[in-house]
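A.B. asks: Everything below, folded, please.
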Amino acid sequence: MSPDCRWLVLGLQKPPYVTVWDARTQQKVLDIDGHADSTTSVDVSSDSTKFATGSMDKMAYIWSTTTGGRLVGPLQHEHRVTAVRFSPTGDRIATAAATSASGSIRIFNGENGHQLLLIPCRFTSLLSSPLAWSADGRQLFAASYNEANHFDTSSGSLLNNWSVPGGARASIVLSRKQRFVVIAAHQFLSFWDIATKKQIGTAINHTSDVWSIALSPSDDCIATGEANGKVTLRSLPDIFRARISHQISQILRRYVCPRIISHPSQLPLMDIDDAAFKSWTQGDLTRVEELLTEVIADPVLHAHALAQRALVRSRLKQTDMAMVDAKKSIEAQRSVIGYIANAVSRIGNGDHESVIRAFDLVFTDGLATDNNFLLLIKAVILFECGKHHDAISRVDDLIDIVDDKSLYITVRAQMSLLLGGMLVSNGDYDRAMELLVRTRDAIPFQSGPRLVVISLIFGWDFEKLDVAIPLQLQGCIKPFEDHGDAAVQSKNPNEAILQYSSALSLNPPNPSGLLVKRSKVRAMLEMWEEALKDADEAIEADSQSPWGYERRHAALHGLQRYNEAMDAFALMLSVIDKSVDPEIHQLGKKYVSLSRSEATIDKVVHGVSKIFPFVLIDVKSGLLCDGQKRAHTFKSEAQFKELLSSMTEKLDDERIQRVVVKYFRYVTLSHVWRGKEPSFLDVNLAGSVWELDSLPLNEKLRQFCEVARTEGYRWAWSDTCCIDKTISTVLNQSLTMMYKWYEAAASTFVYLEDVDSLLALGSLTDSRWMTRAWTAQELLAAKVIRFYDRNWEPYLGDARFNHKESPEIVRELADKFEVASKIITDFHPDDMSVREKLRLASARNVTIQEDVA
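C.D. replies: Here you go, the predicted structure:
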């Protein structure tokens, strides 16, 4: 039956397997077509808008109650589904699936079907109702095989378990006030204290198996459905009184509804007829008014009955008639309840000062009673008059002075609940949360005769207080989330974090979405560690959602932990691929796989490397590396990993080109050969440039690499060691490509071993470097060039990045070559005639060694 008593959902053994009936007309309205085998369990959400079904076909679904349309599913299981249960808010669904040897609990997101948790738990395949949620949705109870298990629904961890009498088939139900559980296992019905996990009394043994159990809304009756076709209804107080001692019975007053324990004769201040009391507690105020009108004729009960009718009429908003009854009651016989009725009847007039004056007469008349209880009632009257904070403050003062605080804490909690609802309605969620959280932390609350009196007078419902407060707090979650979203839109990230944090502090049933949002905002502020923590918690809360992995990737990327970031991104893509949600699949299309990004980067690397020398020196390691080794080295570097990790949604070809070119750029050495320079073979035999013997020419090479490294380059080229001259084809190709390699270099470093920068302008033209043939080509081909003296200091102390931008140096070179300055700064082969080239070459000297190079 749906909670609103409108719909009856039946699970059947034969097609159509599920039907929906209108409980008001008793007509079947829907046949549900979905399952392929007998339906074993059904459950309706708390708002009655949807219902869940589980079947022997190993599937579970969620359906619309009104249309019969499928909302979620199929939810695939490995075994037959023996139970489905909605969480109190309907946002999640728990299922139990089993064979004779194993089983599991699964918790799914009730909106999209994502599996949130998988908890191993053995169940029988026999029909039963083995699952029950706590009122706040944070805990789940499961019963089977002589055992009750208590799980945390955020992590799936086992909080507690205990043995129960019976057998494999078990059903479980929680009391509405979350104080005790009832477990039916085969023929046994047992009761258990949730706090202590101890059995209340002894188990009831039936003559046949109990297949299902249910508690009444007030926790005062329990119904059992048995294998012999009988339904038995029992009174819980009668069961407790019959099976346990008087002392424990007194303790059990906290378990059951006070109106069941309390007989009218037990109530303070009020002397009520049994029939009127029953109707009053059931909320049938019109019937109470009728019964009290009959009692008023009794001269003994006349005054009290008038006062009570005044209270009833006040609740029925019959203010004038209530005031008349209260006045007549006091005139007939002064009583505490008469003065209270006189004050309460005036609340509807709006003259709140007269209300308090009328109430205070009870203290001046000398009537014997409990003043603290009267002060508590006065605080409630103040609250009803709209003086909410004054009322709560007065109750707080009473809590400080009384010994037994539970009654006063309970009334304060009800005030907080009501005021919290008002604040929520007015959009003041921060104050509502502060008030309700403080109240929630005071749970558990008391029930008893005095609370019944307050409930009768004012119509306050204390029975579900410890459930209502958490539920109202849950109602604040969405507004806080919406405010956070609005803050993000208005570019106020700190406010967004505050709002999302407020929502998360209320322990939402599935915090994953909020954690994802807060992680994203924290990433905007580069709060990477905090963003990562949120992402990890989001994944823990919902491992089947890809968005926690997406935020984990972003946070790890920000922390420059690129390997872990790419692992997180790969997991996200895997979750998207496995998802049954078409919306997630559609969103997943915007992402670029790591393999595709890597292939694109490889293509750019290959294109760049085609115009680069065959071998370059890695100035970091000193190793000689061909193109393949350089590409492999690149993939081990942070630059590559950052690039790959950042290309998750769009391939940015321009950025890839920039990063690759910057990483692979190289510098060339232009110098005069001086004897046995270190060769390709020498470097390889030594292991690296840095391990060559300490010889002058080796030092020249090392100094060149050191300067290149200092200037921020990773790769360097020298004609001495970067050409394997033992292979003629390599040598010939190198000679052919030499001009282009100098032209493609990021910079050319010219080493002038015979120049001292302390010398005046003109020293460069006197250097031997100016007389060599190959160096002319190197000078003209290079786009960027820097001249260094014998100490590897910039020529003339000129710190420019490019000495071709130095007018003095360019003029010196142009004068020496007898060419225009433009030839030096921006040379193109077609700029000079053949005769001019021959003239330039004829002025240069060539050595055998350089020819070989």
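A.B. asks: Residue 747 is in contact with residue 782, isn't it?
C.D. replies: Yes: between residue 747 and residue 782 there is a contact under CB atoms under 8 Å: 7.4 Å. Quick note: C-beta positions are derived from backbone N, CA and C, even for glycine.
A.B. asks: the more surrounded of the two?
C.D. replies: Ranked by neighbour count (other CB atoms under 10 Å), residue 747 and residue 782 place residue 782 first, with 25 against 19.
A.B. asks: Now do the shared contacts for residue 747 and residue 782.
C.D. replies: Counting by CB atoms under 8 Å, 6 or more residues apart in numbering, the contacts common to residue 747 and residue 782 are residue 668.
A.B. asks: Pull the contacting residues for residue 810.
C.D. replies: 803, 804, 821, 824, 825.
A.B. asks: Next, it: phi, psi?
C.D. replies: Phi and psi for residue 810, reported as degrees, to the nearest 10, are phi -60, psi -40.
A.B. asks: Please report how far it lies from residue 794.
C.D. replies: Applying CB to CB, to the nearest Å, one obtains 15 Å for the distance of residue 810 from residue 794.
A.B. asks: And residue 268, by the same measure?
C.D. replies: Taken as CB to CB, the span from residue 268 to residue 794 is 100 Å.
A.B. asks: what do you get for residue 762?
C.D. replies: Where residue 794 is concerned, residue 762 sits at a distance of 16 Å (CB to CB).
A.B. asks: Check residue 8 too.
C.D. replies: Distance, residue 8 to residue 794, using CB to CB: 92 Å.
A.B. asks: Now the residue minimising distance to the centre of the chain. Nearest residue, chain neighbours left out?
C.D. replies: Among the residues of the chain, the one closest to the centroid is residue 512, at 2.4 Å (CA atoms, centre = their mean). Closest residue to residue 512 apart from its sequence neighbours, by CB to CB, 6 or more residues apart in numbering: residue 542 at 3.7 Å.
A.B. asks: Does that neighbour touch residue 508 like I think?
C.D. replies: No: between residue 542 and residue 508 there is no contact under CB under 8 Å: 11.5 Å.
A.B. asks: hmm, back to that, when residue 762 and residue 794 are compared, which one has more neighbours?
C.D. replies: Taking other CB under 10 Å, residue 762 and residue 794 do not tie; residue 794 has more neighbours (15 against 11).
A.B. asks: so that one sits right up against residue 788, yeah?
C.D. replies: Yes: in this structure residue 794 lies within contact range of residue 788 using CB under 8 Å: 6.4 Å.
A.B. asks: who touches both of those two?
C.D. replies: With CB under 8 Å, 6+ apart, residue 794 and residue 788 have no common neighbours.
A.B. asks: What residues sit buried inside stretch 704-715?
C.D. replies: The neighbour-count check on stretch 704-715 (16 or more other CB atoms under 10 Å) flags 704, 705, 706, 707, 708, 709, 713, 714, 715 as buried.
A.B. asks: And the residues you listed, which is closest to residue 352?
C.D. replies: Relative to residue 352, the closest of those is residue 714; by CB to CB it sits at 82.4 Å.
A.B. asks: how far away is the residue nearest to residue 512 from residue 112?
C.D. replies: Using CB to CB, residue 542 is found at 10 Å from residue 112.
A.B. asks: Tell me which of those two has more neighbours.
C.D. replies: Neighbour count, other CB under 10 Å: between residue 542 and residue 112, residue 542 has more, with 24 against 16.
A.B. asks: Report the buried members of the contacts of residue 810.
C.D. replies: The buried subset of those - by 16+ other CB under 10 Å - is 803, 804, 824, 825.
A.B. asks: Could you report the pLDDT at the second one?
C.D. replies: What that stands for is residue 804. On pLDDT, residue 804 comes in at 94.
A.B. asks: Going forward, the N-terminal residue is numbered 20.
C.D. replies: In the new count, where the first residue is 20, that last one comes out as residue 823.
A.B. asks: what's near enough to touch the closest residue to it other than its chain neighbours?
C.D. replies: For residue 823, ignoring the flanking residues on the chain, the nearest one in space by CB to CB, 6+ apart is residue 844 at 4.7 Å. Residue 844 sits next to 823, 824, 829 when contact means CB under 8 Å, 6+ apart.
A.B. asks: What is the neighbour count of the second one?
C.D. replies: Residues lying near residue 824 (other CB under 10 Å) number 13.
A.B. asks: Please report phi then psi for it.
C.D. replies: Note on residue 824: backbone dihedrals following degrees, to the nearest 10 are phi -100, psi 0.
A.B. asks: can you tell me how far it sits from residue 521?
C.D. replies: 59 Å.
A.B. asks: can you check residue 320 too?
C.D. replies: In terms of CB to CB, residue 320 sits 53 Å off from residue 521.
A.B. asks: which one of those two has more residues nearby?
C.D. replies: Between residue 320 and residue 521, counted using other CB under 10 Å, the more crowded position is residue 521 (21 against 16).
A.B. asks: can you pull the contacts of the nearest residue to residue 710 once chain neighbours are set aside?
C.D. replies: In space, and not counting its chain neighbours, residue 710 is closest to residue 641: 6.8 Å by CB to CB, 6+ apart. Neighbouring residues of residue 641 by CB under 8 Å, 6+ apart: 702, 706, 707, 708, 709, 710, 724.
A.B. asks: Now the third one. Nearest residue, chain neighbours left out?
C.D. replies: Leaving aside its sequence neighbours, residue 707 sits nearest to residue 641 (CB to CB, 6+ apart; 3.0 Å).
A.B. asks: Just list the residues touching residue 136, thanks.
C.D. replies: For residue 136, the contacting residues are 124, 125, 126, 172, 174, 175, by CB under 8 Å, 6+ apart.
A.B. asks: residue boundaries of the strands in the stretch 720-869 of the chain?
C.D. replies: Using DSSP state E, counting those that start in this stretch, the strands of the stretch 720-869 of the chain run over 734-736, 766-770, 804-807.
A.B. asks: got JSON lines for these, with distance to residue 51 and mean pLDDT too?
C.D. replies: Formatted as JSON lines, these follow (distance: least, CB to CB, whole Å; pLDDT from 0 to 100):
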{"stretch": "strand 734-736", "distance to residue 51": "69", "mean pLDDT": "97"}
{"stretch": "strand 766-770", "distance to residue 51": "76", "mean pLDDT": "97"}
{"stretch": "strand 804-807", "distance to residue 51": "81", "mean pLDDT": "96"}
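A.B. asks: Including distance to residue 694, could these go into CSV?
C.D. replies: Shown next, in CSV, are the strands of the stretch 720-869 of the chain (distance: least, CB to CB, whole Å):
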stretch, distance to residue 694
strand 734-736, 20
strand 766-770, 15
strand 804-807, 20
